[in-house]
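In: Whatever this is, show me its structure:
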Amino acid sequence: MKQITATGQSVNEAVQSALKQLDITEDQAKVEVIAEGKKGFLGLFGSKPAIVKVTKQDDPIEKLEKYIRNIVKGFGVDVDLELTVDNKVVTCELSGEKMAVLIGKRGQTLNAIQYLAQLAIHQYADKYHTVVMDAEGYRDRRKETLRQLASRIADRTIQTQSEVKLEPMPSFERKIIHTALQHNPNLLTDSKGTEPNRYVVIKPK
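Out: Purely as a prediction, here's the structure:
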């Protein structure tokens with residue numbers, strides 16, 4: 001964490017001097033005003049400079065990337081990692097060989113990494129971010145699988161007129177099931193249980 005103390009005829013001038021020396025923008029900085037400064041008589045006699053202490057804030061996205069790399073390193077696989085940020089949604093794309101190790105059965109390992117990354121960004125960033133972990137397009141494939149599952153279970157539920165409980169899944173996957181069936185006039189969907197074992201129930205109206 002870089003820090004510098006700068007002076008100027010005004011607080012703003014001192015801050016701008018510090019930002020230039022640190023080569024950062026104001027939103028990347030924490031500013032502490034040590035002295036407001038004083039112009040003095042006729043702008044000459046008794047004048048005192050403004051003094052500020054400016055600290056370069058760590059980039060939360062860079063810290064998150066380092067954190068994820070450390071997790072992935074523990075699996076002993078070579079991975080390319082790319083982070084993108086769009087409207088407070090941080091998407092982390094993993095690619096490379098042996099991605100199945102990082103995805104895990106039904107995405108459980110990938111979901112666990114995503115959960116840890118979500119906790120980490122809450123510590124690193126002042127504003128709320130949502131973290132999405134993906135590996136070789138797994139999320140899109142999983143979404144389509146869940147939609148097909150919802151369709152099959154819907155048909156079975158209507159035929160048997162009995163409710164069906166799905167396996168526990170994270171909230172964003174349960175949402176896919178709910179969304180896929182929300183316009184079906186013959187069915188109701190609900191989530192039951194407590195995290196991390198919360199599951200979807202599909203039942204006839």
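In: name the element the most centrally placed residue in the chain belongs to?
Out: Per CA atoms, centre = their mean, the C-alpha nearest to the average position across the chain is that of V131, at 2.7 Å. If you go by DSSP states H and E, V131 is part of strand 130-135.
In: Name the strands paired with that strand and say parallel or antiparallel.
Out: Here strand 130-135 has these sheet partners by DSSP bridges: strand 89-96 (parallel).
In: Past the strand it pairs with, which element shows up next along the chain?
Out: Using DSSP H and E, the helix or strand that follows strand 89-96 towards the C-terminus is helix 99-103.
In: Just the C-alpha atoms of the following helix or strand past that next one, please, in CSV.
Out: Note on helix 99-103: by DSSP H and E, the next helix or strand toward the C-terminus is helix 108-124. Written as CSV, here are the backbone C-alpha positions of helix 108-124 (Å, rounded to 0.1, in the frame of the first residue of the first chain):
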residue,chain,number,x,y,z
GLN,A,108,-20.1,-28.5,-6.7
THR,A,109,-16.4,-27.6,-6.6
LEU,A,110,-16.9,-24.6,-8.9
ASN,A,111,-19.8,-23.5,-6.7
ALA,A,112,-17.7,-23.8,-3.6
ILE,A,113,-14.9,-21.6,-5.2
GLN,A,114,-17.6,-19.1,-6.2
TYR,A,115,-18.9,-19.0,-2.6
LEU,A,116,-15.5,-18.3,-1.2
ALA,A,117,-14.8,-15.7,-3.8
GLN,A,118,-18.1,-14.0,-2.9
LEU,A,119,-17.1,-13.8,0.7
ALA,A,120,-13.7,-12.4,-0.2
ILE,A,121,-15.0,-9.6,-2.4
HIS,A,122,-17.2,-8.5,0.5
GLN,A,123,-14.0,-8.0,2.5
TYR,A,124,-12.0,-6.3,-0.3
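In: Thank you, goodbye.
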